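[1] With the input below, show me the fold.
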Amino acid sequence: YFNFMQNWPRSWVWGGWGGGVSFQSTPTGLADGNISMLNGGEGILNFDNTTGGTVFRNNVSADNWSCDYYMDNAPNGLMEGNLAVGHAPDPANWYNSGILPSDPSGDYFKVVELSRPGAFCTGDEDYGIGANLNNTTIRNNVVINARSGASYGAEGDSVAKGGLKNFRFVNNTILVPTMSSLEAGQGTSIGGINIPYNNGNNTGAYYENNIIIGGNTGTYAMAGGAFDTQTVPAGNLFLGLTIDHNLIYAPSNTTPFIWNGGDWGTTYTHAQWLALAGGPGHGTGDVLTDPDLMNPNTDGALDKIPLPGSPAIDAGASIPAFVTTDFLGVSRPQGAGYDIGAFEVAAGQSAPTGLTATAGNASVSLSWTASTGATSYNVYRGTTAGSESSTAIATGITVTAYSDTGLTNGTPYYYKVAAVNSDGTS
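    Residues are numbered from 1 along each chain as shown. Predicted structure coming up:
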């Protein structure tokens, strides 16, 4: 509980590394409230475990090698309420890799790929115990700029047996990064949710109520179908999958779907993706507009709460069998229906309006209109528009005014105010 882990080196290519928190063959493990970052392996890892039951909850895992969270060949896993963060590859943080761009083995590509972590990785690597990933739930997590929000892979003998079985990826919020020039030059694959066909072994796999905000052209919101040497029989592209009520917003990418029977390069618009055969109404209830989050441009989880009026509010599928609370523990639903994403906007509370700022000598006086249902207010400040800090400069304000002092004359300041009550922030 409540530990901070960091180890080196980083830049191993084909495994053999150590994670920040690691459970091997350990039933019912719990990683709760930890920070794991810049490790030479996965941030928080559970593997080689036929009993399973491991829980990753309320952790922060950032910029680890390969994956921030990894549930591997273990059943009955739960990952909830976590933050996963990645950043563009930085060769200055590669320790003694000795691998150059001209390396004929292609290992330089792998180093570039793994140095931006996947967020929530699952798999069935070959430990001689069969393929045991089953009954896995990943819910109410926030993903910021990771290589992928969700992925699955199998290895060795597990390839023929593995797959997404009784799998739930629900009510998560994913911000897909803009691909760096280094990643683009190496052909790195970056996106939101990756759902392989797995030789037709997927069964009871649900992807519902997720927010995916896309990056630039060259990345994807969702990818699925055949990878490597697999071929999907006609009509089986969505075999064993339920994919609906997701909010997908990719303003800089008109074809954010990669879904195919054997050709990774085929991309689709949402309408074209809906027209593909082989699924039980995939894409039902999807929303394709800006989710209007508090601030999508920071590494802070709480900035990803939808503002009042967001199209994510009340737009999700009702799935009480899979999720009953949100990232902060707020009960779902709060309004007429489940919200899409990791947060449930508090019922009976509106965001502050009418914010005004008056400059003084090294100070700014703020005032705003009261919010219905609010018990206090938080104030946030930044020096560029839209990049106010995720950490409030003042909390617990019980009036509708605040004076910010100790500032530098001539410097522009930008502010936002959030209403707070027992159900959350808006």
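[2] so where do the helices sit in the stretch 1-150 of the chain?
    Taking DSSP state H, counting those that start in this stretch as the criterion, the stretch 1-150 of the chain contains helices spanning 107-114.
[3] Residue 218: how many residues sit nearby?
    16 (other Cβ atoms under 10 Å). Just so you know, the C-beta spots here come from the backbone N, C-alpha and C atoms, and that holds for glycine as well.
[4] centroid residue for the protein?
    residue 143 (2.4 Å; Cα atoms, centre = their mean).
[5] so what's that one up against?
    Counting by Cβ atoms under 8 Å, 6 or more residues apart in numbering, residue 143 makes contact with 84-85, 119-120, 149, 172-175.
[6] Any chance of JSON lines for these, columns neighbour count, pLDDT and distance to residue 307?
    Formatted as JSON lines, the contacts of residue 143 follow (neighbours: other Cβ atoms under 10 Å; pLDDT from 0 to 100; distance: Cβ to Cβ, whole Å):
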{"residue": "84", "neighbour count": "31", "pLDDT": "98", "distance to residue 307": "23"}
{"residue": "85", "neighbour count": "23", "pLDDT": "97", "distance to residue 307": "22"}
{"residue": "119", "neighbour count": "30", "pLDDT": "98", "distance to residue 307": "24"}
{"residue": "120", "neighbour count": "28", "pLDDT": "98", "distance to residue 307": "26"}
{"residue": "149", "neighbour count": "29", "pLDDT": "97", "distance to residue 307": "22"}
{"residue": "172", "neighbour count": "32", "pLDDT": "98", "distance to residue 307": "19"}
{"residue": "173", "neighbour count": "28", "pLDDT": "98", "distance to residue 307": "14"}
{"residue": "174", "neighbour count": "31", "pLDDT": "98", "distance to residue 307": "18"}
{"residue": "175", "neighbour count": "23", "pLDDT": "97", "distance to residue 307": "16"}
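[7] What's opposite the residue lying closest to residue 56 once chain neighbours are set aside in the beta bridge?
    Distances taken as Cβ to Cβ, 6 or more residues apart in numbering place residue 79 nearest to residue 56, at 4.5 Å, with adjacent residues excluded. When assigned by DSSP bridges, residue 79 has beta-bridge partners residue 56, residue 138.
[8] Out of the contacts of residue 143, which is nearest to residue 374?
    When the contacts of residue 143 are compared for distance to residue 374 (Cβ to Cβ), residue 173 wins out at 23.4 Å.
[9] If that closest one is in a bridge, with which residues?
    residue 142, residue 211.
[10] Make residue 1 into 44 and carry on from there
    Renumbered: residue one is now 44, and that last one reads residue 216.
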